[in-house]
Every structure is written in structure tokens, then in C-alpha cells.
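[1] sequence isn't available, so here's the structure alone:
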């Protein structure tokens, strides 16, 4: 249901207090007035701290006086259907006199065709008033709105651009408020005198900075490719079949929008690398979510952040959303002592994972499955759950070859990858890469080229994680091979290797 539809129903249902969360005050005001005048036929008033009421009501007493402004509602044309928009008002709701007056007004508002609507960029309603309000989220502009606004700006600024550049411009503006789009286009033209491909890069740079300032999502640039990840042929095959699922042809074929995958496995087996490679191979932007950042100390802050994260991700679709180490924030142990905050945030996330229609391909990673909430691993949240095990002997050989090709593209065949893979049965892919790096440091310090023997020396020196936590890893491997989860590798790793 759209914002306009939901607001229409709330006003028709005589909801007395509505709270709209948005940083786009001007756009919210425009949408509300358009809806009221076209469908609801109500008188619209607005109040802000500096100007008081608009249209002006009687006198100047209501400027810079939030209590008097609220009290005025009692005598404001009782039987005339009206909607009163309050701006800047959330800062005053914590005041005892205003809080009390608002509660006293409720019985009256329920008997008259009046609705009070408050606009603020975040939910700062005091706890004792939360149940009095109906809260509405005003989403960032949709694709159609961006196209319309850019078309208007380009015509007004007398710019001539082709359809291809216009489409690139529209996609680059996804996830930004209309006011920010206007500012960036004006700034780009002031700098270059016209709209070009450099304008798209300029907007993308600003978008990265904007998303970073949310302190929830990070905009990542990745050059990682799936063919640079050794092993995991089962996972790669599954992903290759879904590479074009976000295209119009896939939708016309009747394929559902893919939800995403959950990658579980031993540390260093390529979970994070896979998330980066998917975005790069599919030519999609990569957003990284540190789930721990969702939780704030202020009441209602965590719930607001998860909704903000969803809004940003959907506005940037198609994209890849990487939720790193999800078990640290949504484990069983986090459910107690937080007044239900974790449960509410998790519930919002699960509902979105199951019902989202936009192409946001979620790649969640976890180092263990034991502490994860069962609701997260239930079918319907993700398309598939993969277990990324320690690499087999053949996969370790492949991993050595991949990394040696990167650092010694001309001489990688001179290294004995068969012997190296035989000696590293306990090692993860990340640990194998580090062995090569350490061998290179040692040889470089001695002024020579590194050899197979240098890597073997590092193997003897290194104690892999699988040896330090052997029992825990074996339990995880046994669980994965019980048939409850799909294996990322086409080969069967032998437990006897550990």
C-alpha cells in the first residue's frame, strides 16, 4: 500500500493523530495537499515555529508558541473537515504541558472531522504518547518520480541529453531525496556547464557519501570476481543460473524475484569474498550492512533504523545487500534484556525478506548456525542456505593457483601446488592466501624470488584456526553433511582430513 493510499484510509477512518517520518518536508507537504484537495476535500492548515499558522488564524499569538497553537485546535471550526499539519513540533512533545494538552484533545478530536498530522525526519515521540499516534513512513522517491523530476529539471535548464544518458542519470539518482537531486544537478551544471557522463559519476560519489553518513549502510566498490575464488563450484553454478534474474526477460518468463542466500561456514572460506564477487559479476551496486549498527540506545531508534535501511536498499534496487556476520546481532542470546528491541527489529527484517518485491539480492554471512534464530534459516527467507567448508585437496590446489596467478602471472606453473595442497589440509582459503604473502615478505627481505620451499616453511610456522577450534568445526561440518543445508562445494570434504 502506497503512502497516499494509507494516509487516505487513516483520514477517512478519523485517526486523530498521524506522525509522518521523513526528511523531505516539502515533498510530504505537496503530496498531502494534493491528496486532500483531490480526494478528501478538507481544509488544510499548517503550523511552524516561526510563521505560526498558514493560512493566518486571527492573530500573532501562535507564532513561537507551540502550546497556544495546540490549544487553538479546540475552537477551530469544529464541524469543518480539516487537516492541520504541524512542522517542527516534535521537539516540543516531551514538554509536560504539551503532552497533557494533546491527551486532553483526543476525546474532542474523535468527535470532530479533524486530523493532526506531524512531520519530522525521525521518530522522537515520547514513550507515553507512542500509542496515541499512527506512524507513517514516507519513502524515498520512486523511479517514476525521479524520471519526472529530472525531465522537468533538464527542460528548465535547457539541457539536451540522449536517452541512454538520461537512463544512467535516473539510476544514479535512486535512493536520494528530490531536494538532494535538484541540488546535485544544479551543482554539476555550475561546475561543467552541461550534463554529461561526469554528472553521473558526480552523483554516485555524493550518494556514497550520503549513504555513509546514515551510519547504517556502506557503499562498497568491488573488483572481486567469482572466477577468482578457488573451489565452491556448487555455489558458483547456482549463482550463474540466477545472474540474469533481475532482467525484464526473466520477469516476462514468470520467474520470481530472487530473495538472496545465507552463507554459513568456517572463517576464511570465502563468504565475504562471494558477496563482493556477486555484485561485481552481476554489475550491481553493493551495500554492506553491519547489523550491529541497527541498534540504538534511544527508544524506537532501532526500529527506525531497520526501516531506513530497507527504504534505502529498495530505492537503490537492483542491488546486492551484504549483511555481514548476521549471527552476532540476531542470536538467541541477544533476545533477553533489551525490552524486545531485538525481536522487533528481527521481525521487521524477516517480514521484509519474505515479502519484498524489489530486486534487493541479500547475501547474509554467518560463522556458525547454532546461535542463529530459527526464523532466519526457515525456507522462504532466503532462496538457499549454503555451507562453505574448509577446501578439499583439489580446491586447495585451485586456491593456490588462483593466488599465484595474481602475484606471478608469468611463473606460477613453477610452484608445486600439488605438494602445497597436500600439506594444508587444515587451512582455509584466506589462510592459504596469507601463506603466500608471508613467503613473499620473507623472500623480498632477502633480496630474492620466493619459491615453493618458502611457502612450505610458512605452513610449518602457521597454526590454522581449524586446529585451534577443531571440535567446534567438526560439529559444524557434521551438521552441514546431515542434509539440512546445501554444500557450496561439489566435492565431499572428508572429516578424516581434520
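    The structure has been received and is ready for your questions. Owing to the predicted nature of the structure, the values given are computational and were not obtained by experimental measurement.
[2] check contacts around residue 110.
    Residue 110 sits next to 14, 16 when contact means C-beta atoms under 8 Å, 6 or more residues apart in numbering. (Glycine included, C-beta is placed from N, CA and C.)
[3] and the host helix or strand of it, what's buried?
    Taking DSSP states H and E as the criterion, residue 110 maps to helix 96-111. By neighbour count on 16 or more other C-beta atoms under 10 Å, the buried set for helix 96-111 is 98-99, 101-102, 105, 109.
[4] that helix: how far from the chain's middle?
    Between the mean C-alpha location of helix 96-111 and the chain-wide mean there is a distance of 38 Å, by C-alpha atoms, centre = their mean, to the nearest Å.
[5] if we can go back for a sec, list just the nearest of the buried residues of helix 96-111 to residue 8.
    The nearest member of these to residue 8, counting by C-beta to C-beta, is residue 109 at 18.2 Å.
[6] that closest one against residue 102, yeah?
    No: Residue 109 is beyond contact range of residue 102, at 9.6 Å (criterion: C-beta atoms under 8 Å).
[7] any common contacting residues for the two?
    The contact sets of residue 109 and residue 102 overlap at residue 17 (C-beta under 8 Å, 6+ apart).
[8] walk me through the domains of this structure.
    Under automatic domain parsing, the residue ranges defining each domain of the chain are 3-137, 143-213, 220-388, 393-468.
[9] pLDDT of the longest one, averaged?
    Mean per-residue pLDDT for domain 220-388: 80.
[10] again, but for the first one
    Regarding domain 3-137, the rounded mean pLDDT is 87.
[11] now it: how far from the chain's centre is it?
    The answer for domain 3-137 is 31 Å, by C-alpha atoms, centre = their mean.
[12] quick one: end-to-end distance for it.
    Domain 3-137 has an end-to-end distance of 7 Å (C-alpha to C-alpha, to the nearest Å).
[13] go on, the longest one?
    End-to-end distance of domain 220-388 (C-alpha to C-alpha): 23 Å.
[14] one more: the second one?
    Its start and end residues considered, domain 143-213 measures 23 Å (C-alpha to C-alpha).
[15] quick check: mean pLDDT of it?
    So the average pLDDT for domain 143-213 ends up being 83.
[16] residue 117 bridge partners, please.
    Bridge pairing for residue 117 (DSSP bridges) gives the partners residue 18, residue 85.
[17] ah, wrong one, I meant residue 364
    Counting by DSSP bridges, the residues bridging with residue 364 are residue 262, residue 323.
[18] and it, what is it in contact with?
    Per C-beta under 8 Å, 6+ apart, neighbours of residue 364: 260-263, 322-323, 326, 376, 382.
[19] again, but for residue 198
    So residue 198 contacts 188, 192 (C-beta under 8 Å, 6+ apart).
[20] wait, is it part of a helix?
    Yes: checked against DSSP: H, G, I helix; E, B strand; the rest coil, residue 198 lies within a helix.
[21] need the domains of the chain in JSON lines with distance to residue 480, can you?
    Shown next, in JSON lines, are the domains of the chain (distance: least, C-beta to C-beta, whole Å):
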{"stretch": "domain 3-137", "distance to residue 480": "39"}
{"stretch": "domain 143-213", "distance to residue 480": "35"}
{"stretch": "domain 220-388", "distance to residue 480": "4"}
{"stretch": "domain 393-468", "distance to residue 480": "14"}
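[22] among the contacts of residue 364, which ones are buried?
    By 16+ other C-beta under 10 Å, these give 260-263, 322-323, 326, 376, 382 as buried.
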